[in-house]
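Student: Got a predicted model here, sequence first, then my questions.
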Amino acid sequence: MRRTVCFGGRANDDVGYLVGMARIQRWTRQAPAATLLPKTALPSTDEATRATHRYSVMSYEVLKKRLDAGQVVIIDGGTGTELQRRGVHGSRRLVRSCHAR
Amino acid sequence: MDPAAWCGPATLGNDKLLSEIHGDYIKVGAEVITANTYASSRLMLEPAGYADKVEEINRRAVEAALRARALTHASHAVVVAGSLSHMVPMTRGSPSLDQGKMPSISEMSDAFHELAQLLKAAGAELILLEMMYHPERAKLAVEAALAAGLPVWFGLSARRAKDGHVVSYHRSEDLPLDEIACLISTTGIDAAGPMHTGSEVIADALSITRKHFSGALMAYPDSGYFEMPNWQFVDVITPERFESFCQEWIKAGVQVLGGCCGLTAEHIQAAVRARASTSNTARRSKSQPPSRLRPMDKIFPGENRTWGGGRVGWLREALAASSRHLPCVEPAGHSVAT
């Protein structure tokens, strides 16, 4: 089942980042995986809101079709070890800028 | 990292950094990003004092990945996976399990089901079973993941035993990897293969996986080693070396490629390069012989040549033809008559 969702609705409106994220949270709890945003949801001047509008979701079905077609898919690297590498140690986080690295 | 629960509790207070990490992976080409939920089942969080934060930690981990996808201006689309492992409490300063804190079978089953449902509720689109190496626990994890109703990928972990055979990662005994690979269901699992496994062991582990699974193969090795509660970044494989491994794995049929503990965005970038170079090679070999052999066309224009038989067959044919046209040239391995 494919479902379209539009965050904010109007272009250049005042829907903020937090509101957008709250909608993502609520939506992701309700929506099936196969979802694409319509291009008409764009644009917004607010960067975060625009990013939310650009919330392009690769439905898992699309990924599965690529696998069935014999294509190679790239998965990420370590996440927990990367937290550690970037300075997170236990409950305290060392002050170390990732950008400085 | 947390002395009792490793990276699970690290999600709290590090949401932004987690999103940055996911974002960095997306920027270099990752099409599947994995939420930081590997060590955040109740089995790990409760003994560490986070029993009341199991839902929050897992939800925030998935949200960090979703946020990274939303905020990263990637040229490609991305799937968010939730990691589900059968990790149980470990003894501090060692890679061994803490036998005094081993949960019962029912506790494990409940915890895996709970985590799978939390991942789904938080918005994960795929459950990535990671580091399956213990038959009993892996079976429970598979059942829980499939019960959630999301697509499931199965990552098994292997090591090389002292006799040279590739066995399950299980530390205390040399379990045949077949005992883990046979758990990969014939239905419901879309990809499977070795992960959190040394690069030099991956090829053998892939062969064993293939015996039990006909779907998409995956491979994402680790590099370094673990001593609770920290990863030891020792002798980490270089991106260049990793790239050459990736090329071999793609040729062996691997379709899901990436990295596990110790591997960074640079390694993922190398995997992307390996995919590009390998597919280029495949395209070229399908359409025409290697370009450096093509000038032979100019030597014998108008001859109706077939390229079947591969590069060696074509070369043999060309050399035979050349000996017809130019008596002084003979195929390699033949002596020239004097």
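Tutor: In hand now; what should we look at? Numbering: from 1, shown residues only, chains lettered A, B, ... in the order given.

Student: neighbouring strands for the helix or strand where B:Trp231 lies, and are they parallel or not?
Tutor: Using DSSP states H and E, B:Trp231 falls within strand B:230-232. The pairing partners recorded for strand B:230-232 under DSSP bridges are strand B:225-227 (antiparallel).

Student: Please enumerate residues in contact with the partner strand?
Tutor: With contacts defined as Cβ atoms under 8 Å, 6 or more residues apart in numbering or on different chains, strand B:225-227 is touched by B:93-95, B:231-232, B:234, B:261. (C-beta placed from N, C-alpha, C; glycine too.)

Student: State the mean pLDDT of it.
Tutor: Mean pLDDT, strand B:225-227: 88.

Student: Any buried residues in that strand, and which?
Tutor: B:Phe226 (16 or more other Cβ atoms under 10 Å in any protein chain shown).

Student: now do stretch B:180-199
Tutor: B:180-181, B:183-185, B:189-199.

Student: What's the mean pLDDT across it?
Tutor: 93.

Student: Any residue of it touching chain A?
Tutor: Yes: among the residues of stretch B:180-199, B:190-191 lie within reach of chain A under Cβ under 8 Å from any Cβ of the partner chain.

Student: what distance separates that stretch from the centre of its chain?
Tutor: 10 Å (Cα atoms, centre = their mean, to the nearest Å).

Student: re the thing from before, what remains of the contacts of strand B:225-227 if I keep only buried residues?
Tutor: The neighbour count (16+ other Cβ under 10 Å) marks B:231, B:261 as buried among those.

Student: Out of the buried residues of stretch B:180-199, which is nearest to B:Ser109?
Tutor: B:Leu183 (14.7 Å; Cβ to Cβ).

Student: My guess is that closest one contacts B:Leu140. True?
Tutor: No: when contacts are counted by Cβ atoms under 8 Å, B:Leu183 is not listed as touching B:Leu140 (10.2 Å).

Student: low-scoring pLDDT stretches of the chain, where are they?
Tutor: No chain specified, so I'll use chain A. A:1-58, A:90-101 (pLDDT under 70).

Student: was after chain B, sorry
Tutor: For chain B (pLDDT under 70), the answer is B:95, B:280-338.

Student: Helices of the stretch 1-150 of chain B, start to end?
Tutor: Using DSSP state H, counting those that start in this stretch, the helices of the stretch 1-150 of chain B run over B:15-28, B:42-45, B:54-71, B:105-122, B:135-148.

Student: Would you format those helices as TSV with mean neighbour count included?
Tutor: What follows is the helices of the stretch 1-150 of chain B, written out as TSV (neighbours: other Cβ atoms under 10 Å in any protein chain shown):
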stretch	mean neighbour count
helix B:15-28	22
helix B:42-45	25
helix B:54-71	24
helix B:105-122	20
helix B:135-148	20
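
Student: Would you format the ones you listed as a markdown table with distance to chain A included?
Tutor: Shown next, in a markdown table, are the helices of the stretch 1-150 of chain B (distance: least, Cβ to the nearest Cβ, whole Å):
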| stretch | distance to chain A |
| --- | --- |
| helix B:15-28 | 4 |
| helix B:42-45 | 11 |
| helix B:54-71 | 4 |
| helix B:105-122 | 6 |
| helix B:135-148 | 12 |
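
Student: would you turn the ones you listed into JSON lines with distance to B:Gly253?
Tutor: Output for these, formatted as JSON lines (distance: least, Cβ to Cβ, whole Å):
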{"stretch": "helix B:15-28", "distance to B:Gly253": "24"}
{"stretch": "helix B:42-45", "distance to B:Gly253": "34"}
{"stretch": "helix B:54-71", "distance to B:Gly253": "28"}
{"stretch": "helix B:105-122", "distance to B:Gly253": "28"}
{"stretch": "helix B:135-148", "distance to B:Gly253": "23"}
